[in-house]
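Colleague: Need the 3D shape of this:
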Amino acid sequence: MYGYHMACNSQQFAPVWKERLSRQGETMPSRQLLAVRNEPGLFVSKNPVNFRSSQPASPRRRLAGSWQATALLLWLIFAAAFCLLSAPKAKAEDCPRPAAGSVVTAPYEIQSHNGELQVTLALRSVVEPTGETRYCYVDENGNQSPTLRVKPGDLLVLKLTNQLPGHASPGNSSADGVATCSPGMEGMDMRLATNLHFHGLSIPPTCHQDDVLHTSISPGAASFEYRFQIPPTQPPGLYWYHPHPHGHSEEQVLGGAAGALIVEGIEHFNPSLAGLPERVLVIRDQVRTSTEISPSHLKPPSHDLSVNFVPVPYPMYPPAVVETKASQRELWRVLNASADTVVELHLLMNGHWQSMGLVSVDGVPLAYPANANLEPVQWRHDIPLPPGGRAEFLLDSPPPGGNAQLLAAGIETTPASFEDDDNDTSKSHPSPAFPRTTMTLPLRDGS
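Modeller: Model (predicted):
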């Protein structure tokens with residue numbers, strides 16, 4: 001064959017084929033899967049095909065035309081099969097996110113059984129229309145960033161696969177598809193590498209446990225196995241897992257790659273918590289992309305926040321909704337999985353500030369033996385959470401007909417000026433730190 005162009009676009013070339021086949025008395029199928037295009041004409045050899053003749057065709061010419069039509073039909077069948085086999089398969093969107101203003105749902109949970117928890121996770125990413133990269137952990141069933149629940153003494157076996165798009169950079173092909181714990185990672189493209197850090201767990205920084213300096217998994221590598229025992233003396237509480245590739249942790253955490261890990265048994269140190277309904281909330285931050293101006297004309301934050309992936313973007317901050325039962329005491333476990341954002345939690349109920357009963361900070365219960373001088377519950381109006389911080393507290397939901405809001409006040413971390421001459425107005429001075437509400441979670445009766 002000569003001069004052929006194949007295209008799997010049925011709309012662009014169907015009129016051409018309809019016109020030419022109609023000249024032979026043929027009918028077009030209702031959906032054209034393939035068209036063969038050539039400029040300026042259509043060829044099956046070096047001579048153009050003549051579908052129409054002004055003179056009656058001789059038997060020999062009819063036979064030749066029949067042969068050409070058969071050859072063309074065979075070519076069409078072959079090309080259609082080629083298109084169907086080579087076309088990319090449809091793929092579900094990676095790392096989907098709920099719409100702003102959605103009801104907050106709990107992360108999927110995976111619990112240990114018979115002293116062991118086995119889980120397989122894949123790190124994936126997708127580039128949003130804004131240019132920001134979204135990251136997520138996905139288990140075998142498609143659940144994003146599941147909460148892992150273990151007990152002290154359990155064995156945790158986690159297999160991690162790096163499914164980020166791309167390969168090692170040019171010239172570093174030897175690092176493509178490699179998972180290693182070796183100190184020599186000069187050939188690894190760290191922009192695409194990943195690993196896992198189990199934040200707060202008292203496990204050694206060794207290969208296949210909690211090493212982040214030498215462990216690196218590149219795209220295309222076989223799954224890398226983390227295997228370790230939760231220390232029997234690990235305080236029960238809220239911890240988390242996240243990527244920690246040297247030099248590129250921030251971008252993956254900002255993109256959403258993080259999940260909660262709960263060591264169970266907090267009720268053994270604080271019996272008042274036994275049997276309470278639990279709620280796991282994961283606050284994440286991401287680079288703000290909106291260029292709109294806030295109606296309040298406050299300085300815009302550098303990052304937007306989300307809770308359990310429900311975005312609460314600047315400047316309008318549409319609130320994510322939490323459904324609760326009326327007049328119910330719950331144990332809230334809140335993780336600030338932000339890379340850069342400090343938040344401070346406040347509870348507003350029926351227009352009045354309400355206290356929250358803090359019971360644990362960063363995975364350690366206030367009633368833990370090491371905290372013998374502390375009250376097991378501290379009722380307070382504010383709970384500050386730095387990046388990576390965790391707080392577990394009691395929250396009483398509003399009565400029937402009431403309303404409540406959990407407010408996350410962002411903290412402006414621009415440092416105050418340290419200029420020697422405070423009276424020199426020719427020098428610019430950054431504004432002092434001030435709190436600003438950047439996320440609102442209304443509590444709605446869901447009973």
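Colleague: Considering only helices and strands, which part of this protein has the lowest mean pLDDT?
Modeller: Of all the helices and strands that make up the chain, strand 35-37 has the lowest average by mean pLDDT, DSSP states H and E, namely a mean of 23.
Colleague: helices and strands around the helix or strand hosting Ser306, which ones?
Modeller: Following DSSP states H and E, one finds Ser306 within strand 303-307. If contacts are counted by 3 or more Cβ pairs under 8 Å, 6 or more residues apart in numbering; DSSP states H and E, strand 303-307 sits against strand 278-287, strand 310-312, strand 435-445. C-betas here are computed from N, CA, C, even on glycine.
Colleague: Which among those strands is found nearest to Asn371?
Modeller: Taking Cβ to Cβ, strand 278-287 is the member of these nearest to Asn371, at 21.3 Å.
Colleague: Can you report how many residues lie near Ser338?
Modeller: By the criterion of other Cβ atoms under 10 Å, Ser338 has 25 neighbours.
Colleague: To what extent is the nearest residue to it once chain neighbours are set aside buried, counted in neighbours?
Modeller: Among residues not flanking Ser338 along the chain, Asp285 sits closest, at 3.8 Å (Cβ to Cβ, 6 or more residues apart in numbering). For Asp285, the count of nearby residues is 26 (other Cβ under 10 Å).
Colleague: how far away is Asp285 from Ser125?
Modeller: Per Cβ to Cβ, to the nearest Å, Asp285 is found 17 Å from Ser125.
Colleague: Export the helices and strands packed on strand 303-307 as TSV, with columns for distance to Pro98.
Modeller: TSV is the format used below for these (distance: least, Cβ to Cβ, whole Å):
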stretch	distance to Pro98
strand 278-287	12
strand 310-312	5
strand 435-445	14
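Colleague: could you dump the ones you listed to a markdown table with mean pLDDT and distance to Leu156?
Modeller: Listed next are the helices and strands packed on strand 303-307 as a markdown table, based on pLDDT from 0 to 100; distance: least, Cβ to Cβ, whole Å:
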| stretch | mean pLDDT | distance to Leu156 |
| --- | --- | --- |
| strand 278-287 | 94 | 18 |
| strand 310-312 | 93 | 28 |
| strand 435-445 | 68 | 31 |
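Colleague: Indicate which one of those is closest to Gly357.
Modeller: Gly357 lies closest, by Cβ to Cβ, to one member of these: strand 278-287, at 13.8 Å.
Colleague: now that closest one and strand 303-307, what's the angle there?
Modeller: Inter-element angle recorded for strand 278-287 and strand 303-307: 160 degrees (by axes from the mean of the first three to the mean of the last three Cα atoms, to 10 degrees).
Colleague: contacting residues around the residue nearest to Val310 when sequence neighbours are not counted?
Modeller: Leaving aside its sequence neighbours, Val310 sits nearest to Ala320 (Cβ to Cβ, 6+ apart; 4.0 Å). Residues in contact with Ala320, defined by Cβ atoms under 8 Å, 6 or more residues apart in numbering, are 100-104, 306-308, 310-312, 439-441.
Colleague: do the same with Leu238
Modeller: By Cβ under 8 Å, 6+ apart, the contact list for Leu238 reads 260-262, 280, 333-335, 360, 363, 390, 392.
Colleague: His381 too?
Modeller: By Cβ under 8 Å, 6+ apart, the contact list for His381 reads 346-347, 353-356.
Colleague: now do 7 Å
Modeller: By Cβ atoms under 7 Å, 6 or more residues apart in numbering, the residues touching His381 are 346, 353, 355.
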